[in-house]
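In: got a predicted structure here, sequence first:
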Amino acid sequence: MRKDVNPIHSLLDRRVVERNIRKGIVTREEYQKFLDSLGDAAANAETMRARLGEDDEPVAAAALDDDSDDEDDEDDDDAEDDDDDAG
């Protein structure tokens, strides 16, 4: 076990705490006391900015959906070419 982790914190980890409460390993009151003892870390937060491509313009969701229609567009182009050949 890592030396920097308190064993009780492992029991109260949010990923397993509900199971540990059901099994009676910890009580809901112990969990609430643990949550109340945690400090507010909001001051440690940093704002992040992500770039999606060459420019800083956000990509619209509709633009992402257009990719799925490309296959249909190719079929339409083929149909137009067939009409040109017939006439």
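Out: Thanks, I have it.
In: buried residues in stretch 21-37?
Out: Ile21, Val26, Glu30, Tyr31 (16 or more other Cβ atoms under 10 Å). Placement of C-beta: from N, CA and C, glycine included.
In: compute the first-to-last residue distance for it.
Out: One end of stretch 21-37 sits 18 Å from the other (Cα to Cα, to the nearest Å).
In: before we move on, what about stretch 32-51?
Out: 39 Å.
In: who touches that stretch?
Out: Ile8, His9, Leu12 (Cβ atoms under 8 Å, 6 or more residues apart in numbering).
In: returning to that earlier point: from the buried residues of stretch 21-37, which land in strands?
Out: Within the buried residues of stretch 21-37, no residue falls in strands by DSSP state E.
In: got a PyMOL select line for the buried ones in the contacts of stretch 32-51?
Out: Selecting the buried subset of these in PyMOL, with 16+ other Cβ under 10 Å as the burial test, is done by:
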select buried, resi 12
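In: just put the contacts of stretch 32-51 in a markdown table and tack on secondary structure, distance to Thr47 and pLDDT.
Out: Formatted as a markdown table, the contacts of stretch 32-51 follow (DSSP: H, G, I helix; E, B strand; the rest coil; distance: Cβ to Cβ, whole Å; pLDDT from 0 to 100):
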| residue | secondary structure | distance to Thr47 | pLDDT |
| --- | --- | --- | --- |
| Ile8 | helix | 33 | 80 |
| His9 | helix | 28 | 82 |
| Leu12 | coil | 30 | 89 |
